[in-house]
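In: coordinates only, sequence not included:
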């Protein structure tokens, strides 16, 4: 799911949105990070991960996340975490797209790009022994 989101959002090419404030391969914004920190189910998890990765939770955190893929991946997963539905099974493209749109709330939705991104992500995951 996370590989598909990263491919959908940035094609794994950019860490800074071209005409916006979104960062990391997952292209989340400050409000997404803030929501992870303030949500009852994810706040302690993200704080613990930042500590483990030696990333201070201060005014520079947002900029640090842009360059730290491990922390960005933790945040991306925790954006999905509070959704009461289980993550869609691998290969369930329509379910995965619905889950992504519900939790990520992308500004511009593209079913064509999602089909391509999801297909590439599934191929990538299935290629890992």
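Out: Great, that's in hand. What you see is a predicted model; the values in this text were computed from it and never measured. Residues are numbered from 1 along each chain as shown.
In: CA only for contacts and neighbour counts going forward, please
Out: Noted.
In: whichever strand or helix holds residue 34 packs against which elements?
Out: Under the assignment given by DSSP states H and E, the secondary-structure element containing residue 34 is helix 30-38. If contacts are counted by 3 or more CA pairs under 8 Å, 6 or more residues apart in numbering; DSSP states H and E, helix 30-38 sits against helix 43-52, helix 69-80.
In: for the last one, buried residues please.
Out: The one in question is helix 69-80. 71-73, 75-76, 78-80 (16 or more other CA atoms under 10 Å).
In: what residues does the helix or strand following that helix touch?
Out: Along the chain past helix 69-80, the next helix or strand (assigned with DSSP H and E) turns out to be helix 93-104. Where contact means CA atoms under 8 Å, 6 or more residues apart in numbering, the residues beyond helix 93-104 that reach it are 1, 5, 79-80, 83, 87-89, 109, 114-115, 118.
In: now do the buried residues in helix 93-104.
Out: Of the residues in helix 93-104, 93, 96-97, 99-100, 104 count as buried by neighbour count, 16+ other CA under 10 Å.
In: of all the residues you listed, which two lie farthest apart?
Out: Of all pairs drawn from the buried residues of helix 93-104, the one with the longest distance (CA to CA) is 93 and 104, at 15.6 Å.
In: OK, contacts around residue 74?
Out: Each residue near residue 74 by CA under 8 Å, 6+ apart is listed here: 46, 49.
In: just give me the longest helix of the protein.
Out: Ranked by number of residues, the top helix in the chain under DSSP state H is helix 111-126.
In: average pLDDT for that helix, rounded please.
Out: Mean pLDDT, computed over helix 111-126, is 95.
In: tilt between that helix and helix 93-104?
Out: In terms of direction (axes from the mean of the first three to the mean of the last three CA atoms, to 10 degrees), helix 111-126 departs from helix 93-104 by 100 degrees.
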